[in-house]
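Q: just need the structure, nothing else, for what follows:
(one chain, ligands or ions: 2)
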Amino acid sequence: MSLALNRENYVWHKLHSLSGIIPVGFYMLQHLTLNSFTIAGPEKFNGVIQFFESLPKHLLLVLEIVAIWIPLLFHAVYGLFIVNRGQSNYFEGKYKWSQNRMYTIQRWSGLFLFLFLAFHIATTTVAKYIGGSATIIEYAAWQEKLTSYGYALFFVYLLGVLAASYHLSYGVWNFCIRWGITISDKAQLRIQKFSFGMFIAVTLLGWSVLVGFLIHKPVVGAENTPAMTRIVELGLPFA
Ligand code: HEM
Ligand code: HEM
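A: Ligands and ions are numbered 1, 2, ... in the order given. Got it, this is the predicted structure:
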């Protein structure tokens, strides 16, 4: 019985590990890349939204459920179970202390990500489906919400990107050890350097998305949307 349980845990843990890279990690990288079209301007960002909106509705929904929601929900719920179990002291040897600390931060970042993503998905995709319109996820609406309330949400998003980038980049390093991809000391040092570079690159990519919402004037012709009315009322610098 105990052997069966261990084996079951082993398989679930491996599945959890894999789901963090494919599809969840992969989704995040493409998501931030496409969102970074904010740098090119409101029309380009809205163009990406319109592309997904132009897909047949049932196809988009099936894609979302199979490729995003189920794997993310599984990864998140099983991840919470791992955090709750709270096993630490995973690494031994010379770098034990710093590696255990980084491992602990990964678990805490998972917890933060859970709250961040629950808020993020509820206020984007879920709100879009409930309201029956994509206006709520277009450039003007983002510009409004990120600059309202003393830029509070802007800072929440800065932190959300940082946590997601750390969680994924450190996860890649851990994944390579767990799956026996990096075995020698040399290979482990190489993946450590790669993960650090990835952390910097993904953080900058995600932050560039957010900066892209501050550097452009409002979308031409969007003056009458509720979001733009509020921006004009507030007299924000780009209005
Ligand atoms: C950097 C700022 C971000 C912006 C501007 C942004 C933008 C968006 C938008 C517009 C949607 C709605 C898509 C749709 O329903 O068609 C969305 C959904 C989503 N975002 Fe983000 N996002 C950001 C950061 C993140 C991060 C860091 C993650 C972490 C993985 C993430 C994960 C998701 C997920 C899982 C969904 C639901 C996707 C779906 O069901 O289609 N986002 N985001
Ligand atoms: C939504 C909330 C999330 C929670 C609660 C969570 C939780 C966790 C936990 C606890 C671990 C460590 C597993 C272990 O100790 O073996 C982990 C690993 C990982 N997570 Fe997440 N995670 C979340 C979201 C994400 C997201 C959005 C991504 C991708 C961008 C991701 C990618 C990874 C990767 C790649 C690993 C490493 C797998 C390994 O250790 O082999 N996670 N996650």
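Q: ok, residue 211 touching residue 35?
A: No: checked against CB atoms under 8 Å, the pair residue 211 and residue 35 is beyond contact range at 11.5 Å. No exception for glycine: its C-beta is placed from N, CA and C like everyone else's.
Q: pull up the overlap in contacts between the two.
A: Shared contacts of residue 211 and residue 35 (CB atoms under 8 Å, 6 or more residues apart in numbering): none.
Q: more neighbours, these two?
A: Taking other CB atoms under 10 Å, residue 211 and residue 35 do not tie; residue 35 has more neighbours (20 against 14).
Q: can you point out the buried residues in stretch 114-126?
A: Neighbour-count burial for stretch 114-126, with 16 or more other CB atoms under 10 Å as criterion, is recorded at 116, 120.
Q: same question, stretch 38-51
A: 38, 41-42, 44-46, 49.
Q: which two among those are spaced furthest apart?
A: Using CB to CB, the pair of the buried residues of stretch 38-51 lying farthest apart is 41 and 49, separated by 13.3 Å.
Q: okay, buried residues for stretch 55-73 please.
A: In stretch 55-73, counting by 16+ other CB under 10 Å, buried: 68, 71-72.
Q: and of the residues you listed, the nearest to residue 187?
A: residue 71 (27.6 Å).
Q: just to revisit the earlier point, and which of the buried residues of stretch 38-51 is nearest ligand 2?
A: Taking CB to the nearest ligand atom as the measure, residue 38 is the one of these closest to ligand 2, at 19.6 Å.
Q: these two touch, right, that closest one and residue 214?
A: No: if you go by CB under 8 Å, residue 38 and residue 214 don't touch, sitting 9.1 Å apart.
Q: can you put the buried residues of stretch 38-51 in a markdown table and add distance to residue 176?
A: A markdown table is the format used below for the buried residues of stretch 38-51 (distance: CB to CB, whole Å):
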| residue | distance to residue 176 |
| --- | --- |
| 38 | 32 |
| 41 | 38 |
| 42 | 39 |
| 44 | 35 |
| 45 | 34 |
| 46 | 38 |
| 49 | 35 |
